[in-house]
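> The sequence isn't on hand, but the structure is:
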């Protein structure tokens, strides 16, 4: 994939269609982070093993509030990420560098992977996250295993699990 072209999660899917037909070949990691009370970031990392295909490795995608679609961030030729608690350690194929992500990620499986692969579902989720009334979609994502964190502003590096407000029906009834 060229750095100049507008890369997207959809182009990853097309470029690696044969490998992604068997979902067990790819490992998906993700998270949503509240940077500030009204500012969200959403990250997906996809590891596709190198099976003689040039595009194997770790693909990084991100979304920030206001964006319409996931944006391609980077492609690293790497070994499969190793999870240590909620942190990922990634060793590049040439062994020159080990990347330890200090922010938390969770493995995404099953239903949620299928939702992210479906262009229409993915765009509806991202549209809903762009509204002020995004708590319901956040709750839905969290119930399906996507972690939601709050970045602690004091340190800039520490995160805590975000607690979403419970649905308070009596506040919305007239």
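Good, I have the coordinates. This one's a predicted model, so the numbers in the text were calculated from it and none came from an experiment. Residues are numbered from 1 along each chain as shown.
> Mind giving me the packing neighbours of the longest helix along the chain?
Assignment by DSSP state H gives helix 119-129 as the longest helix of the chain. Identification of packing neighbours for helix 119-129 by 3 or more Cβ pairs under 8 Å, 6 or more residues apart in numbering; DSSP states H and E yields strand 39-48, helix 110-117, helix 135-143. Using the backbone N, CA and C atoms, a C-beta is placed for each residue, glycine as well.
> and the ones you listed, which is most packed in?
Neighbour counts (mean count of other Cβ atoms under 10 Å) averaged over each of those peak at strand 39-48, with a mean of 20.
> and that strand, what's its mean pLDDT?
Mean per-residue pLDDT for strand 39-48: 87.
> which other helices and strands contact that strand?
Using 3+ Cβ pairs under 8 Å, 6+ apart: strand 39-48 touches strand 27-36, strand 57-64, helix 119-129.
> Just send those back as a markdown table, with mean pLDDT and mean neighbour count too.
Listed next are the helices and strands packed on strand 39-48 as a markdown table, based on pLDDT from 0 to 100; neighbours: other Cβ atoms under 10 Å:
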| stretch | mean pLDDT | mean neighbour count |
| --- | --- | --- |
| strand 27-36 | 87 | 18 |
| strand 57-64 | 86 | 19 |
| helix 119-129 | 87 | 15 |
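> would you list the ones you listed in JSON lines and tack on distance to residue 91?
Below are the helices and strands packed on strand 39-48 laid out as JSON lines (distance: least, Cβ to Cβ, whole Å):
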{"stretch": "strand 27-36", "distance to residue 91": "14"}
{"stretch": "strand 57-64", "distance to residue 91": "10"}
{"stretch": "helix 119-129", "distance to residue 91": "29"}
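> Let's test this: name the helix or strand in the chain with the lowest mean pLDDT.
Sorting the helices and strands of the chain by mean pLDDT, DSSP states H and E puts helix 17-20 at the bottom, at a mean of 45.
> so where's this protein uncertain?
For the chain, residues meeting the criterion pLDDT under 70 lie at 1-24, 51-55, 100-102, 154-157, 168-174.
> again, only using 90
Low-confidence regions of the chain, defined here as pLDDT under 90, cover residues 1-28, 32-40, 42-62, 65-123, 126, 130-136, 139-140, 142-174.
> Show me the residue at the heart of it, geometrically.
For the chain, residue 44 is the residue whose C-alpha lies nearest the centre (Cα atoms, centre = their mean; 2.1 Å).
> Quick check: that one touching residue 107?
No: if you go by Cβ atoms under 8 Å, residue 44 and residue 107 don't touch, sitting 11.4 Å apart.
> Show me whatever sits in contact with both of these two.
Residues touching both residue 44 and residue 107 (Cβ atoms under 8 Å, 6 or more residues apart in numbering): 28, 29.
> of all the helices and strands packed on helix 119-129, which lies closest to residue 73?
Closest to residue 73 of the helices and strands packed on helix 119-129, according to Cβ to Cβ: strand 39-48, at 8.4 Å.
> Please consider this matter closed, and thank you.
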